[in-house]
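S.K.: Structure of the sequence below:
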Amino acid sequence: MDKIIPGSAAYLAWLRYALWGGEAPACDAGSRPSLLSLADRQKTRGLIFDALLRAGSAATGLSKADAVQMQEFLLQTFATHRMLDHALARAVSALQDAGVPAVLLKGQGAARSYPNPLLRECGDIDLYIGPERLEEAVRVLTPLADKVDDELLGKHWQLWMGGAEFELHQVSMIPTDRSRTRFYRDLEAKGFTRGLAPLDFEGVRVDTPEPTFNAFHLFYHAWHHFLTGGIGFRQLCDWTLHLHVRRENIDRERLGAMLDGMRLRRPWQLFGCIAVHDLGLPAEEFPCYDASWLKPSRRVLKMILSEGNFGRGHEPRIARPKAYVASKAYSLGLHCIRFVQTFSVAPREAWQVFASLFTGGFRKVFQDLFQPKKRQSTIG
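M.R.: The predicted structure follows:
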């Protein structure tokens with residue numbers, strides 16, 4: 001793998017050291033540029049920088065200037081976490097005062113599974129509200145927000161508050177067909193209302209999903225993005241560490257039923273071999289682990305390492321056209337390329353996602369071009 005993706009062996013060794021400790025890996029000057037490039041592409045700079053700094057310049061050969069730059073990045077990441085935590089506490093407190101339930105997805109909740117939550121690179125804040133009370137939640141937060149979108153975008157409503165970007169979700173995922181949608185909506189309804197796992201943010205109780213459902217949701221979200229554009233190791237670390245920290249709270253039989261009901265056991269095994277073999281999760285802590293999937297998981301690993309977070313390791317050669325129809329054709333072309341790339345890894349799942357994206361995109365173009373636009377309610 002290291003011959004195909006330069007620096008990948010060193011990167012994974014340092015990532016395991018960052019997550020679990022132990023003896024620091026070797027770090028020679030020749031592998032360092034590739035190591036740092038992968039850390040950037042995989043959205044794991046906080047983990048890798050901290051690991052290198054802890055190992056010390058004698059072991060890593062880091063110059064004083066490099067160490068200072070890494071320390072500055074970590075300080076900025078810590079400050080971003082404080083900003084996000086404050087905005088989250090403020091938003092959830094306002095929603096609680098109005099009697100609107102909210103459940104934190106991924107992000108700042110997933111960070112709490114890390115040995116040091118502040119080392120996880122930050123993103124936006126996702127709150128599951130549900131379809132019945134979504135507009136009420138937007139109305140509650142609008143007076144506190146710097147900017148609010150004026151319509152629903154797919155599964156969520158966006159707003160910006162206190163320097164943080166929020167996505168208020170009416171649904172957490174959009175499965176590829178009706179039978180999976182019905183099954184998942186039932187999982188969602190239970191996972192976001194029963195057995196919630198509360199966390200404390202600045203004295204405010206913030207609920208996260210029920211641990212078994214959260215193990216499935218973190219995986220399903222990562223797998224969906226793998227099929228549609230690519231993921232970084234940050235998402236795999238989120239999922240792996242949740243399985244580790246919540247291992248006593250995860251109902252393995254019920255989790256297996258979720259995987260079978262959504263027909264996702266094969267992808268679960270592919271990612272699972274990466275979690276165990278490459279990220280260092282003990283095999284006994286991974287539900288349904290099957291080492292026979294190790295060989296096919298190497299193709300998945302190669303794709304993740306080469307593509308990076310949301311596929312940004314490979315920038316398109318042609319910029320997206322501004323014209324509406326040309327822009328949609330451009331998106332279709334990207335989906336076709338992604339379909340070809342993922343078909344060899346998971347043919348059935350790749351086809352299902354591509355068919356769903358194709359039919360949904362065609363329906364959207366038809367509505368935009370030939371039907372009057374139905375605007376969502378403006379909240380304000």
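
S.K.: so who does the residue nearest to residue 106 when sequence neighbours are not counted touch?
M.R.: Once flanking residues are discounted, residue 106 sits nearest to residue 126: 5.7 Å by C-beta to C-beta, 6 or more residues apart in numbering. The way it works is simple: take the backbone N, C-alpha and C, and place the C-beta from them, glycine included. Neighbouring residues of residue 126 by C-beta atoms under 8 Å, 6 or more residues apart in numbering: 104-107, 156, 166-167, 169.

S.K.: go on, residue 18?
M.R.: By C-beta under 8 Å, 6+ apart, the contact set of residue 18 is 44, 47-48, 50-51, 119.

S.K.: Give me the phi and psi for it.
M.R.: Backbone torsions of residue 18, given as degrees, to the nearest 10, read phi -60, psi -40.

S.K.: Residue 205 now?
M.R.: phi -80, psi 120.

S.K.: Regarding the nearest residue to residue 201 once chain neighbours are set aside, what is its secondary structure?
M.R.: Counting by C-beta to C-beta, 6+ apart, residue 89 is the residue found nearest to residue 201 once chain neighbours are left out, at 4.3 Å. Of the three states, residue 89 takes helix according to DSSP: H, G, I helix; E, B strand; the rest coil.

S.K.: wait, which of the contacts of residue 126 is closest to residue 302?
M.R.: Closest to residue 302 out of those is residue 106 (24.8 Å), distances taken as C-beta to C-beta.

S.K.: Contact partners for the closest one?
M.R.: 123, 126, 218, 221, 238.

S.K.: Return the closest of the residues you listed with respect to residue 269.
M.R.: For the contacts of residue 106, the nearest to residue 269 is residue 218 (15.9 Å; C-beta to C-beta).

S.K.: Chain neighbours aside, what residue packs nearest to that closest one?
M.R.: In space, residue 218 is closest to residue 239, 4.2 Å off (C-beta to C-beta, 6+ apart).

S.K.: burial count for residue 240?
M.R.: 26 (other C-beta atoms under 10 Å).

S.K.: picking up where we left off before, with distance to residue 261 as extra columns, can I get the contacts of residue 18 in CSV?
M.R.: Formatted as CSV, the contacts of residue 18 follow (distance: C-beta to C-beta, whole Å):
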residue, distance to residue 261
44, 32
47, 34
48, 37
50, 39
51, 39
119, 35
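
S.K.: Could you tell me the average pLDDT over stretch 192-202, please?
M.R.: For stretch 192-202, the mean pLDDT works out to 97.

S.K.: Alpha carbons only: can I get that stretch in CSV?
M.R.: These are the backbone C-alpha positions of stretch 192-202, laid out as CSV (Å, rounded to 0.1, in the frame of the first residue of the first chain):
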residue,chain,number,x,y,z
PHE,A,192,-33.5,9.8,18.5
THR,A,193,-36.1,9.5,21.3
ARG,A,194,-35.2,6.5,23.4
GLY,A,195,-32.0,5.7,25.5
LEU,A,196,-30.3,9.0,24.5
ALA,A,197,-26.8,9.6,25.6
PRO,A,198,-26.5,13.1,27.2
LEU,A,199,-23.3,15.2,27.1
ASP,A,200,-22.5,18.4,29.0
PHE,A,201,-21.7,21.5,27.0
GLU,A,202,-21.1,24.5,29.2
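
S.K.: All set, thanks.
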